[in-house]
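K.L.:
Build me a model:
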Amino acid sequence: MPVFEYKGLNKQGRNVKGVVDADNMRAAKAKLKRDQIFVTDIKDKTKASKKSKNAGTASVGRVNVHDLSMMTRQLATLIKANIPLVDSLAAVSEQVENETLAMIMADLRNFVNEGGSFHKGLQKYPKIFDTIYISMVEAGEMSGSLDVILLRLAEFKESQSEMNSQVKSALFYPILMIVLTIVVLGVLFVFVIPKINEVFEATPELHMPWYSQVVISISGFMVHYWLVILIAVVSTYLIFANWKRTPGGKAQWDSIFLKLPVVGKLARIIAVSRFTRTLSTLLNGGVPMLTAMGIVRNVVANETIAKAIDVGRENISEGESIAGPLKKSGQFPPIVIHMINIGEKTGELENMLTQVSDAYDFQVKNAVNGLTSLLGPVMIVVMGCVIGIIVFAVMVPMMELSSLGG
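P.N.:
I've put the predicted structure just below:
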């Protein structure tokens, strides 16, 4: 059934917009008229939907985690109220504010109405619905508990979004300070110091301290060879980025990164939190253990820890436990191994993983707050010391020049 995107005015005179499905344009307008909506603009979105079937997300826009989790909660609520999936999808498509998500929901409604399964429809939009989302929906459809699964998915997405926001906010201030430091140093070395050096060179009897000569030499090099410096920096970045993209390079870098002070510990805590939270969500959603382990290894975003998970998955396929290989890898804290081991023995693995993930989410929050409070003053001190040294190296000859002039 064709899908139409509309804009109009409701009976209160307020602007409204959304999507509606109907056999044709005339039927869509009649349907909106019955809903007491005066249409000012209406477009046929069927062609866009057909393109999206072949091009994935090439013809659709972005959908943020907040909109996705809200839509998932709405859908879970409707299904829990025993409303058929087709009608639930139609209702959600008219409720969500994100136009892209509304169009996708309308397209999925048509797909399910034509006999397709919900998770198969989600696979047409891999950039909107990830493997975790699709796998859990499939398990929910097979077990008949789609409403419960969707609610867990919404909670999982919200938790994931909150953690990502915490990490980004922690990194923002240090990165901003680094950029400001580079800009200030660039201005000093390229514009300020060369002008002052012209005054120094005009006074042959002026004695230049060695540290002042070093600063002036660096300034001269940056002025005369700025293009070489730029090419060297860009080349180094491209070489590093290409090396990091290779399987061997990524594995080496991830291993090195985990050993770095402060940030390495934070990266490990985040990876463990993602591992336990995602695995718990998948297992609670009815996804088989082997499938869940195959999915979760891509969530940790670290090849070293992912390899340990792969070994654990192989052990499970051979009928062994998961705790043993994770312990041998040395990549997981002892408390995590201990909780997983107890969970396997008692049959409460999902519950244990949830407890571990809750604890590590709290650790991530504390570590991020600690990192933010630590890096801020450190960056200010470092920036102040560097700029202070440069100013001192310039001011000493200036003072001597002043005494010579006097």
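K.L.:
where does the chain dip in pLDDT?
P.N.:
Scanning the chain with the threshold set as pLDDT under 70 gives 1-2, 45-61, 404-406.
K.L.:
From the centroid of the protein, which residue is nearest?
P.N.:
Closest to where the C-alpha atoms of the chain average out (Cα atoms, centre = their mean) is residue 164, at 5.7 Å.
K.L.:
Which strands and helices lie in contact with the helix or strand encompassing it?
P.N.:
Per DSSP states H and E: residue 164 is located in helix 146-187. For helix 146-187, the helices and strands in contact under the criterion 3 or more Cβ pairs under 8 Å, 6 or more residues apart in numbering; DSSP states H and E are helix 65-80, helix 131-143, helix 263-284, helix 349-405. Where C-beta positions appear, they are placed from N, C-alpha and C, glycine not excepted.
K.L.:
Recalculate using a threshold of 6 Å.
P.N.:
Applying 3 or more Cβ pairs under 6 Å, 6 or more residues apart in numbering; DSSP states H and E, we find helix 146-187 packed against helix 65-80, helix 131-143, helix 349-405.
K.L.:
Could you tell me the angle between the longest one and helix 146-187?
P.N.:
Computed by axes from the mean of the first three to the mean of the last three Cα atoms, to 10 degrees, the angle separating helix 349-405 from helix 146-187 equals 10 degrees.
K.L.:
And helix 349-405, what does it pack against?
P.N.:
helix 146-187, helix 210-224, helix 263-284, helix 334-346.
K.L.:
what's the angle from that helix to helix 263-284?
P.N.:
160 degrees.
K.L.:
Give me the neighbour count for the residue lying closest to residue 309 once chain neighbours are set aside.
P.N.:
The spatial neighbour of residue 309 that comes closest, neighbours along the chain excluded (Cβ to Cβ, 6 or more residues apart in numbering), is residue 297 at 4.3 Å. Using other Cβ atoms under 10 Å, residue 297 is surrounded by 21 other residues.
K.L.:
Then residue 70?
P.N.:
Residue 70, neighbours per other Cβ under 10 Å, totals 20.
K.L.:
Can you spell out the domain ranges of this structure, please?
P.N.:
1-44, 159-406 (automatic domain parsing).
K.L.:
Wasn't residue 20 part of a strand?
P.N.:
Yes. Under DSSP: H, G, I helix; E, B strand; the rest coil, residue 20 falls within a strand.
K.L.:
what's the distance between residue 21 and residue 320?
P.N.:
Look at residue 21 and residue 320: by Cβ to Cβ, to the nearest Å, they are 51 Å apart.
K.L.:
before we move on, the earlier item: spit out the contact partners of the residue nearest to residue 309.
P.N.:
Neighbouring residues of residue 297 by Cβ atoms under 6 Å, 6 or more residues apart in numbering: 306, 309-310.
K.L.:
related to what we said a few turns ago, how about the helices and strands packed on helix 146-187, which one is nearest residue 212?
P.N.:
Of all the helices and strands packed on helix 146-187, helix 349-405 sits nearest to residue 212, with 4.6 Å by Cβ to Cβ.
K.L.:
what sits up against the helix or strand containing residue 236?
P.N.:
Following DSSP H and E, the helix or strand that holds residue 236 is helix 226-245. Here helix 226-245 makes contact (Cβ under 6 Å, 6+ apart) with 249-250, 253.
K.L.:
do the same with stretch 329-341
P.N.:
Residues contacting stretch 329-341 (Cβ under 6 Å, 6+ apart): 272, 305, 308, 323, 326-327, 352, 356.
K.L.:
switch to 8 Å and redo it
P.N.:
Stretch 329-341 is contacted by residues 258, 268, 272, 276, 304-305, 307-308, 311, 321-323, 326-327, 349, 352-353, 355-356, 360 when judged by Cβ atoms under 8 Å, 6 or more residues apart in numbering.
K.L.:
that older thread, which among the contacts of helix 226-245 gets closest to residue 193?
P.N.:
Each of the contacts of helix 226-245 was scored against residue 193 by Cβ to Cβ, and residue 253 proved nearest at 36.2 Å.
K.L.:
Give me the distance between that closest one and residue 296.
P.N.:
Distance, residue 253 to residue 296, by Cβ to Cβ: 21 Å.
K.L.:
which of these two has more neighbours?
P.N.:
It is residue 296, of residue 253 and residue 296, that has more neighbours when counted by other Cβ under 10 Å, with 25 against 17.
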